[in-house]
Structure formats: C-alpha cells, structure tokens
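Colleague: Make a model of this:
(chains A, B, C and D)
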Number of protein chains: 2
Amino acid sequence: MPFSIRQIAKLAGVSNATVSRVINGSDLVTPETTQRIQEIIRDLKFVPNRSAARFKNGKSQIYGAIVPDLTNPFFMETAKIFEELLVENELELLVSNTDFHLSRTQLSIHRMLLRRVDGVAFMCSEREAASLESLVQNRIPVVTTDHHRTAPGISDIVVDFRDGMAQIVGHLKELGHRDLGFIGGTDDLATSRDRRDSFLDAVVRFGLSSQDSWIMPGNFRISGGAVGMETILKQERRPTAVVTANDLTAFGALRKVHEMGLRIPEDISLTGCDDIEMSDVVYPPLTTLRISRRQYAQMLFEALQTGAEDLTQPGKVFSLPMKLVVRQSTGPAPAR
Amino acid sequence: MPFSIRQIAKLAGVSNATVSRVINGSDLVTPETTQRIQEIIRDLKFVPNRSAARFKNGKSQIYGAIVPDLTNPFFMETAKIFEELLVENELELLVSNTDFHLSRTQLSIHRMLLRRVDGVAFMCSEREAASLESLVQNRIPVVTTDHHRTAPGISDIVVDFRDGMAQIVGHLKELGHRDLGFIGGTDDLATSRDRRDSFLDAVVRFGLSSQDSWIMPGNFRISGGAVGMETILKQERRPTAVVTANDLTAFGALRKVHEMGLRIPEDISLTGCDDIEMSDVVYPPLTTLRISRRQYAQMLFEALQTGAEDLTQPGKVFSLPMKLVVRQSTGPAPAR
DNA sequence: ACCCTGAATGTAAACGGTGTCAATGAATTT
DNA sequence: AAATTCATTGACACCGTTTACATTCAGGGT
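Modeller: Just a heads-up that it's a prediction; the model follows:
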C-alpha cells in the first residue's frame, strides 16, 4: 500500500525520474506534467520515502543526542529547542538515554554508528566518552560539553563556571556570608572538578572561607543533594550558605533542609545552577545560575553543522555564559 | 571511509553475500572463513549500515513519539522507559515535540510518514489527531492516550481517572473536607473533560460539594495552575481543598498559594496527578495520583507491537490504573 | 532541406545491504 | 567409476530514491 515513486510514474505514464523531479520541485518539468503528477500524488496520498532518498546520498538527515538522564529538565529543555532547530533544517532527532552507565553509553554510540546519523550531541561526561573517535572515523561529527578536550571532528562547549561561580559567591558575600559549603558532582568527572574548583577559586578571590568537610560530592540528581546537605548540616560548625552544582542537587538539599526543620534563607542560603523551570516553583524559589537553553542548543547545532564540513579540522571550543538569577533561597547571613 | 560490505568482501576475497552472512551470524559459513572476515571487520572497525539493512526489508526499526511538551517530566519519565524497551528490541526512538500546536502536530505526523517509522506513540490530545489515519494508511500502527476512540490500527490507552478521582476525593472526605475545587486542562480536550467529569462524579458519589466557580480550566502546565488557583482564592467563599489534573498544574497552584500568604495544608489542601519525581521535592510534598511509567511505557510498546501484526484489526483499549500517594499537601480541613 | 540548440523526458546505474537461487566441489553412496 | 548428497559460496536482483547521461523532438538559423 505505501506507494513507490515508480508506481506513481506508471500511473502518470512517465518515468520515475520525472516524478522524482516533480517531488523535488525541479523546474525542468513542464507545468502540465507537473500538475498531472501532483494530482496523482495528492489523490493517492503518496508520501515519498525520505529515508530511501537520504540513504541514496549517504546521509540519514538524523542527528543523535546521547544524554545521561532523559528526565533531567535541563537536558530536555535544551533538547526541545535543539529539536526545533533540527526540524527547521529537515533533520530528525534520535534520542538515547544512558542512565550514567558506561556500557550503555558505548552501546548508544554504537547504535548511532549503525544508524549512520549525521552528527551526535554527546551530553554525557568525558568518562563515558571512550569510543567517540569511532564516530569521527565514520565521518560523524560530535559535540561534547565540558570535556575540556577536543579532537578533529569533536567540538566542545564549555560552560563558563569560573564567571558563574564568581557571580554566585559575589552575591553571597554582599549578603554577608563568609562561610560557604558546596555540593558538586561525582569526582571522576571533569565537569564536577571544574565546578568545584571554580567555586573554591571564587571563594579565595572574594576572601571568603570554606573547609573540606563542607565540600561534598553529589551526583547531579536530587538524591545526591539530599545526602550532601545532610552531611553538611550534621556538623557542629556549619556554613551559612551552600552552593550546588545544579538545580536538581539544590532541590534535594532544599528538601533535606526542610526535613531537618531549618528554614531557607533565614537559617541557611542555598543556590543552584541551570535555572530549570522548576527552580521558580519550589519553595522558596531558587537563586541560581541560568544557562540559556537556546544559546546552548544553537551551539550544539552550529558545532555539528560546521563540524560536518571538514572532519579533519580541529574541533572548536564554544563558551557558554552563565547569568545569576536572584530569587528567595538566598538571604542575609544569619547572625552568629 | 565508512566501508561497505562489498569492500570487506573484496579484501577477504569472498562475495558480499558471505560477509552479510557472517555479520548476521549465519551458521552456513565455515569457521575459518567466518574468522577471517571477522578479523578484517575488526581491523577496519567496519560497522554495517543498519538503516540500509532495514530499508531493504521495508522496515525502519524506528518508532516515533509525538509529545506535546518535551519538558513535561511525566512524558520524559515515560519516554525514558519506552526507549529502554525499544533498545532491548533493536529499535530506535525518534522524538518530536509539538508545543500543543495543531500545525506542528500535523508536521510531526507527516515527518513520521516521510521516515517510514514502524509505529507512532501519539501522546497529544485527540484535538490534534486529525491526520492519524494517514499513518495507518501507510501501514504504521498508532497508539494514543485518552482519546476514547479507536480505529483499525489505532489503539488507545485510557487512564482510569474515575477510580483515581474516587481515591482522591475519598481521601479528602476522610480528612473532613466538604468543599472541593478543581483545576483541569483546556476544555476542548477529551482528557480534560474526562478528568473533570470523573472529579465531579466522585464529589457527588461521596456526598461532598463543589460549585462552578471552583472548577477552573488549566493547561497542564505550571502557568495554568497558578492562574486557576488565583481565581479560586480571590473568591469570597473558598473550597478547603483543590484537586488538580496534573502535577505541574498543582505546582503552579502551590506557588500561588504561597504567594498569597496561605499555608498548605493548614489553610488549603492540594492534590496533583501523575506523581512526577518533583512531587516529592516541592514543599510541601504533594499528595497525588501515581501513574506507573513502566506500565504506561509497556502498554505503548505492546500496543504498537500487536498493532503492527494486523492493521485491519480494530485497535485495542488498554486501561491504566492510578494509585493514591499521600504526602503532606493534604491535611485535615480547617475549621470554618 | 539540414544542422544545431536546448528544453523535456527517459534510461540505467548507483547507494548498502538481504536473500534467493545457482554453482561448485568434496564426501558419500551404489 | 558414476551418481547423489550436502555444505559452502557466489551471482544477482531487489528495496525507493537520485542523478549523470542519453534520447527525443520542436523550433530557429543557414
């Protein structure tokens, strides 16, 4: 039942080439012929098989996105805009979730290879990036985030945490805070180290203080934030403000603060990072660092488009700015 | 550089058919030949083009998901499990976001057609379902949710709101509530009417009361919940509990309650629907109706698998149960 | 009348696999 | 030694498009 171009051609009494030309809007065909063929196409509700077309010229017109956590709103808000950009360019989006697992990540990469996608937005950490070269070897450009490492065909987008953390710490200093804690990601990720080091750097730069027992690892998820905050709050001497590496972490921390009967920001200030939609909905609304999804998605797209042009070119580095959004989870430091 | 099966064949001094057999693990090939070819494949890092393979037998091995709002955690949590199921079955997931727009929905459907996907999980409302038949005409099975309508090749999953709302309303009655409000979805959607009618039904069944001015439309997003709750709270006579049609709506309502200086659940009780991960993180944690993502995803998958077997069979109807999850956004009704 | 030009269309070969059928040749049977 | 079987492999058509090239034919210039 799904017709082919040849069947349309037969019905119209022309060759398949002519039908193909009509479909692609070539001006080499007589208006009469064009109209006749278009009528048949319309009557039969014929839809050309674009996969076959792309297969012919070696491109799939599909981009893949490999994400560690499909349910993380930050990825999804980005993916949504990314998909819009793709659709505008007649591309499709294939998503693959890895759940932070190395083995699943490698499978994802391999599946992208099997499908011959035209580009991969790899949103996992560099720890899981083992076989990205196999994509490039197969002429598939890649864009990563916060890997701090590029290679021919592999571009990197780096979030400007140094500047972001300076904004956050500066804001807290203005509010009178001196003792800051931090809940980050798992230590084996460059982006975790990056965020933590940027934080510590800013603390020093602004002449504030922190201490090892207030610097907690996390997992970029709600659960990690809760555990980290619990550990911090159980200590005899506590920071008056806690900075976290992403909003989900902050949410977990926030819940834990409530559970332990403390108030935000009266007893302790809390900040996040990403500014996902929910940040404005939790109580109290979260002071956080915003990363523009649109800017991010556009960088992903641009990196893959330019990457495809010449895979022997060294990958580019894009810098993604952060912007402080002050809400109600930060307030004046409590008197000691 | 991306090799083809024929180049491998030439290097191995065999025909492409033999290479194909090795790739697919046929036992018709001598162990020695198999090994020799496998070595070449490994050395050259050759990855067969699965799209070409599937193209040959007319299947793309890709399922499409059309969702109205990619950032809605409920969809994403479902999509995540759905994708897992697909991967286990050597299928891929193509996502398409419509932002609740009719025109974008039709474009999405058309793109699924262009790509000849093997099935479509259509998670938008029936209002946007105009051209679903075009999919079936092209032998693509479809599964919808809460359309309350099936057709050959189109199955429907219906969420059991009747039972769910009875659980919620029963719970509120036990807490002493008598006057209940409701914030739903847009009135032109069957699922909105369904949820609202189920609510009203339960109110009557349990001998409680409501009134027109407490029954607000919404949009299944945070913004709609905020607007709806504001309208309810501004009235002279207020309900003591408000039931909402999904968690995002409840989040918006919750924020509005805070903004107006009221407390939950002391001043007003609030319930959601879906039980997304954030429901346990907002303050206070939300009493809600849980829909099992796994069950939902499995139904989607099963519907498409069985739908593909025979597209002339009438579509099936699946029923998805709901389960009350009591948290802290509901409490005893305030004394009048 | 003849050649040339160029527009409109047709022909056929790709693209990268799969799968059917035929061919080969060694081993077994008679 | 001839016939038969069977395991292994090869040749080739096919899936639905695109596209380089060939063909046709009408009209214009000489």
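Colleague: where along the stretch 151-300 of chain A do the helices fall?
Modeller: A:161-174, A:190-205, A:222-233, A:247-259, A:293-309 (DSSP state H, counting those that start in this stretch).
Colleague: Only the buried residues of the first one, if you could.
Modeller: Residues of helix A:161-174 classed as buried by neighbour count (16 or more other C-beta atoms under 10 Å in any protein chain shown): A:Phe161, A:Arg162, A:Asp163, A:Gly164, A:Met165, A:Ala166, A:Gln167, A:Ile168, A:Val169, A:His171, A:Leu172, A:Lys173. Placement of C-beta: from N, CA and C, glycine included.
Colleague: Reformat the residues you listed as CSV; add distance to A:Arg293.
Modeller: Compiled in CSV, these are given as follows (distance: C-beta to C-beta, whole Å):
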residue, distance to A:Arg293
A:Phe161, 17
A:Arg162, 21
A:Asp163, 18
A:Gly164, 15
A:Met165, 20
A:Ala166, 22
A:Gln167, 19
A:Ile168, 19
A:Val169, 24
A:His171, 22
A:Leu172, 25
A:Lys173, 29
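Colleague: what's the most distant pair in these?
Modeller: Spatial extent of the buried residues of helix A:161-174 (C-beta to C-beta) is set by the pair A:Phe161 and A:Lys173 at 17.5 Å.
Colleague: any idea which of the helices of the stretch 151-300 of chain A is most buried?
Modeller: Comparing the helices of the stretch 151-300 of chain A by mean neighbour count (mean count of other C-beta atoms under 10 Å in any protein chain shown), helix A:247-259 comes out on top with a mean of 25.
Colleague: then it to PDB, C-alphas only?
Modeller: C-alpha atoms of helix A:247-259 as PDB (Å, rounded to 0.1, in the frame of the first residue of the first chain):
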ATOM      1  CA  ASP A 247      19.400  22.700  40.400                       C
ATOM      2  CA  LEU A 248      18.400  19.100  41.000                       C
ATOM      3  CA  THR A 249      21.100  18.900  43.600                       C
ATOM      4  CA  ALA A 250      19.700  22.000  45.100                       C
ATOM      5  CA  PHE A 251      16.300  20.600  45.200                       C
ATOM      6  CA  GLY A 252      17.500  17.600  47.200                       C
ATOM      7  CA  ALA A 253      19.400  19.800  49.500                       C
ATOM      8  CA  LEU A 254      16.300  22.000  49.900                       C
ATOM      9  CA  ARG A 255      14.200  19.100  50.900                       C
ATOM     10  CA  LYS A 256      16.700  17.900  53.400                       C
ATOM     11  CA  VAL A 257      16.900  21.400  55.000                       C
ATOM     12  CA  HIS A 258      13.100  21.300  55.400                       C
ATOM     13  CA  GLU A 259      13.200  17.800  56.800                       C
END
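Colleague: tell me how far it is from the chain's mean position?
Modeller: Remark: helix A:247-259 is offset 22 Å from the chain centroid, using C-alpha atoms, centre = their mean, to the nearest Å.
Colleague: what do you get for stretch A:80-94?
Modeller: That offset, for stretch A:80-94, works out to 14 Å (C-alpha atoms, centre = their mean).
Colleague: next one: stretch A:202-213
Modeller: Put simply, stretch A:202-213 sits 29 Å off its chain's centre (C-alpha atoms, centre = their mean).
Colleague: Around chain B, pick out the residues from the stretch 51-200 of chain A.
Modeller: Selection of the stretch 51-200 of chain A residues close to chain B by C-beta under 8 Å from any C-beta of the partner chain yields A:51-52, A:55, A:60, A:62, A:70-71, A:73, A:76-77, A:79-80, A:83-84, A:87, A:92-97, A:107, A:110-111, A:113-116, A:134, A:137-139.
Colleague: Would you mind writing the CA trace of stretch A:156-164 as PDB?
Modeller: Output in PDB follows, covering the C-alpha atoms of stretch A:156-164 (Å, rounded to 0.1, in the frame of the first residue of the first chain):
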ATOM      1  CA  ASP A 156      33.400  21.100  22.900                       C
ATOM      2  CA  ILE A 157      31.100  23.500  24.600                       C
ATOM      3  CA  VAL A 158      32.400  24.700  27.900                       C
ATOM      4  CA  VAL A 159      30.200  26.300  30.400                       C
ATOM      5  CA  ASP A 160      31.800  29.400  32.000                       C
ATOM      6  CA  PHE A 161      31.600  28.200  35.600                       C
ATOM      7  CA  ARG A 162      34.500  30.400  36.600                       C
ATOM      8  CA  ASP A 163      32.500  33.500  35.800                       C
ATOM      9  CA  GLY A 164      29.300  31.900  37.100                       C
END
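Colleague: Quick one: residues in contact with that stretch.
Modeller: With contacts defined as C-beta atoms under 8 Å, 6 or more residues apart in numbering or on different chains, stretch A:156-164 is touched by A:143-150, A:191, A:194-195, A:198-199, A:201-202, A:273, A:289, A:291, A:296, A:299-300, A:303, A:315-322, A:324.
Colleague: redo that, cut-off 6 Å
Modeller: Contact with stretch A:156-164 is made by A:144-147, A:150, A:194-195, A:198, A:289, A:299, A:317-322, as judged by C-beta atoms under 6 Å, 6 or more residues apart in numbering or on different chains.
Colleague: Also stretch A:125-135?
Modeller: For stretch A:125-135, the external contacting residues (C-beta under 6 Å, 6+ apart) are A:Leu102, A:Thr105, A:Gln106, A:Ile109, A:Val120, A:Val142, A:His147, A:Asp188, A:Leu189, A:Ala190.
Colleague: most surrounded residue in these?
Modeller: A:Val142 (29 neighbours; other C-beta atoms under 10 Å in any protein chain shown).
Colleague: Tell me what that one is bridged to.
Modeller: A:Val120, A:Ile154 (DSSP bridges).
Colleague: which residues touch it?
Modeller: A:Val120, A:Phe122, A:Leu132, A:Leu135, A:Ile154.
Colleague: From what I see, the second one and A:Thr144 are in contact.
Modeller: It stands for A:Phe122. Yes: using C-beta atoms under 6 Å as the test, A:Phe122 is close enough to A:Thr144 to be in contact (4.9 Å).
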